[in-house]
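Student: Take a look and give me a structure for this.
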Amino acid sequence: MNSDSDSPLRRIRNIGIMAHIDAGKTTTTERILFYTGFLHRMGEVHDGNTFTDWMEQERERGITITSATVTCVWKDAHINIIDTPGHVDFTAEVERSLRILDGAVGVFCGVAGVEPQSETVWHQADRYNVPRLAYVNKLDRTGADFERVVEMIQERLTPLAKPINIPIGREDGFSGVVDLITMKAWTFDPLTWGSDVHLEEIPPDLLQHAEEMREALLESVSEFDDELLAAYLEGHDIPEDLLRRAIRKGTVSGHFVPVLCGSSLKNKGVQLLLDAIRDFLPSPLDVPPCQGFDPQTHAEISVPPDPKGPFVGMAFKVQTDKYVGKLVYVRVYSGTLKKGSTYLIGNSGKRERVARILQMMSNRKHDLNELHAGDIGAFVGSKFLSTGDTITDGSLDILLSKMHFPDSVIAIAIEPKTKADQESLNDALARLEEEDPTFQVRIDKDTGQTLISGMGELHLEIIVDRLRREFGVGANVGNPQVTYKETITRSVDCEDTFVRDLNGKGNYACVKFRLSPLTLQQSEGEVKNLYANHISPDKIPTEYHKAIEEAALNALNDGPLISGNVERVKIELIDGNFNPVDSNELAFRIATSMAVGKGLREASPVVMEPIMLLSVLSPDDFVGDIIADINAKRGHISVLRRHNEYQQEIVADVPLSELFGYATRIRSLSQGRAIYTLEFKKYEITPAQVQSAVLKRIRGYVE
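Tutor: I've put the predicted structure just below:
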């Protein structure tokens, strides 16, 4: 523990609730708000009246679409919770939440166990090294099996997961929880919706199993605390506080994942989860200081969470609110920001004033006078802030690392129902694009159509629905289209010279580049293309280098085959020439654009298509037909494994273009009994015959 153990920061828990769709995240959040006294009546997802699912679309469909932020107090802990979506189409909401959180709770269905989206969000949390708890929910349902779910977590997600409590009874006989730390049985009074908790002795038939599980727990966590290890080796009784301290050390360091159990819908086990959030998940003081870099020197800068330090925060979400306009959610890492003061946007250099600071409680708002290190709040009145921007008070020149968002893979054409709606549609689309980093709007330069693209059919369906309801704009939409990209398959050298008189003034620039293809590994993550400069200033003065780099990378936005984005290309500036009188920035931009465009045409360009990760859970009887269908869709099966006694899981890479209407197809193949999830995995070069068909369709091109 730090010397600042009395600091208010020590009591803050910034956590996210994450899981596969329908594992019970929103119900669990609702129970947390009830037991902490924030709500006096619990809502239910199936009734469409939960506190955190406030959008009309969420209440109608029974799913979470946008992450909601709520704050509550449990004992002395101040808990900021973000309830994230489980559907893969809204993965950006999970990504930006995990980027700014200190801890997370992974919720798993006691029947289905580790589902495809559970794996996705778990690995997103791995990327940001977020300490987490696992909570196995729905243990009252037929087919629930706590031990099997724990095994699945250990096999598929992390071997570091170990139970810290176990269920009493199975399925509809599930009646309570044994806490392995206190070795007491917890039962929850149904007449008070589980608010009254009874601590009793462990039932005799469970005692031996509970002692074995406690022994396994002690063995796992003893390495995190020398005092506990000595007591354990000497065979002494282990005090509760010593065991909690060791579990906390292991959890905060990321080397241990406590597994809890319960049934949120039946109001059992949630108080133990709240205790675990308070006792084991980190405060802002427990996690490593936020890391940024100096934009000039690129030197790393560490930002400790000090309310008296220089102000540093990150805008992690933009939301359009019908009452206050643009809302920007901010996580503060250091310092204090007061209402009425100004902040500097590190990414753009613009300065803005904070008109209002709000504490967001789902869609309700409370005014605040200031935000301190460790706090999460929202600003009103910002014009220039966007997702991922670093904000400071100007005393520290720093940029925090950007968030990583997947590419949008599916597009539809959209037009207003009436000409009068055109301006309203453009305005609404611009606001939605600002709000959602995975939603993009562009004009097709060949047809003049407005195209909107997103993460999947449901994502775009919700966007069109929001246009109608929130913005009052009627729109006609076309059929979904795949977003293709381009790349090159061989290295070429290309050069061009721009010589022209414009308005009586000479313009001259000469550039030579080498274009070469990158492998998928080289271009993974946020680096889609690489640029390198290999010439000396006497060939081309340094003042033109930045313009050449920008023009070269911009030229990759318009591929030679289908005018798509070109990726996995390395561009090297290898030669050039200038004229001290006639050379200027514009001439070098034009020469660069012409040279790179010529090089792309000569470098054997090919079309790339999005490949989706398809995961199907199917009863045994239909597995053969589903595999045959995947093979017919140019799919490659990577995993075939038993999910439970009755179902198998098929995981395959399948081109998105083959999967339109798959919901209907899988229903007919499995008599409606198989379920599937889809998420974007990567772009891959299309086979020759598929490329030929794509070119014919997009450009009327015949090879």
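
Student: my guess is residue 27 meets residue 267, correct?
Tutor: No. Using C-beta atoms under 8 Å, residue 27 is not in contact with residue 267, being 10.0 Å away. For every residue, glycine as well, the C-beta is placed using N, CA and C.

Student: In terms of neighbours, single out the busier of the two.
Tutor: Looking at residue 27 and residue 267 with other C-beta atoms under 10 Å, you find the greater number of neighbours at residue 27, namely 24 against 21.

Student: give me the number of residues near the nearest residue to that one once chain neighbours are set aside?
Tutor: In space, not counting the residues next to it along the chain, residue 27 is nearest to residue 264; the distance is 4.5 Å by C-beta to C-beta, 6 or more residues apart in numbering. When neighbours are defined as other C-beta under 10 Å, residue 264 has 27 of them.

Student: Please report how far residue 264 lies from residue 17.
Tutor: Using C-beta to C-beta, to the nearest Å, we find residue 264 at a distance of 10 Å from residue 17.

Student: again, but for residue 381
Tutor: Using C-beta to C-beta, we find residue 381 at a distance of 30 Å from residue 17.

Student: Who has more neighbours out of those two?
Tutor: Neighbour count, other C-beta under 10 Å: between residue 381 and residue 17, residue 17 has more, with 26 against 15.

Student: and the more buried one, helix, strand or coil?
Tutor: When the structure is split into helix, strand and coil by DSSP: H, G, I helix; E, B strand; the rest coil, residue 17 lands in strand.

Student: number of nearby residues for the spatially closest residue to it that is not a sequence neighbour?
Tutor: Once flanking residues are discounted, residue 17 sits nearest to residue 25: 4.7 Å by C-beta to C-beta, 6+ apart. Residue 25 is flanked by 28 other residues according to other C-beta under 10 Å.

Student: all strands in the stretch 301-450 of the chain, in order from the N-terminus.
Tutor: For the stretch 301-450 of the chain, strands defined by DSSP state E, counting those that start in this stretch occupy the ranges 312-321, 325-334, 336-338, 342-345, 351-353, 356-361, 364-368, 370-372, 376-380, 390-392, 399-400, 410-416, 440-443, 450-454.

Student: Tell me which of those lies nearest to residue 676.
Tutor: strand 410-416 (16.2 Å; C-beta to C-beta).

Student: Residues contacting that closest one, please?
Tutor: Contact partners of strand 410-416, identified using C-beta atoms under 8 Å, 6 or more residues apart in numbering, comprise 422, 424-425, 429, 444, 447, 449-457, 459-460, 464, 473-483, 656.

Student: Which neighbours in the sheet does it have, and how are they oriented?
Tutor: strand 450-454 (antiparallel), strand 475-477 (antiparallel), strand 481-482 (antiparallel) (DSSP bridges).

Student: Tell me which residues touch residue 569, please.
Tutor: For residue 569, the contact set (C-beta under 8 Å, 6+ apart) comprises 487, 488, 515, 516, 517, 518, 529, 530, 556, 600.

Student: Torsion angles phi and psi at the second one?
Tutor: It refers to residue 488. In terms of degrees, to the nearest 10, the main-chain angles of residue 488 are phi -120, psi 160.

Student: ok, how many other residues are close to it?
Tutor: With neighbours defined by other C-beta under 10 Å, the count for residue 488 comes to 25.

Student: Check the third one too.
Tutor: Residues near residue 515, counting by other C-beta under 10 Å, number 24.

Student: Double-check it against residue 489; I have them as touching.
Tutor: No. If you go by C-beta under 8 Å, residue 515 and residue 489 don't touch, sitting 10.9 Å apart.

Student: Now for the two: what residues contact both?
Tutor: Common contacts of residue 515 and residue 489, defined by C-beta under 8 Å, 6+ apart, comprise residue 603.

Student: Who are the contact partners of residue 210?
Tutor: Counting by C-beta under 8 Å, 6+ apart, the residues that residue 210 touches are 166, 178, 180, 183, 202.

Student: so who does residue 311 touch?
Tutor: Listed by C-beta under 8 Å, 6+ apart, the contact set of residue 311 reads 332, 334, 335, 336, 337, 343, 391, 392, 393, 395.

Student: can you put those in TSV and add neighbour count?
Tutor: Below are the contacts of residue 311 laid out as TSV (neighbours: other C-beta atoms under 10 Å):
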residue	neighbour count
332	24
334	26
335	22
336	17
337	26
343	23
391	26
392	24
393	18
395	12
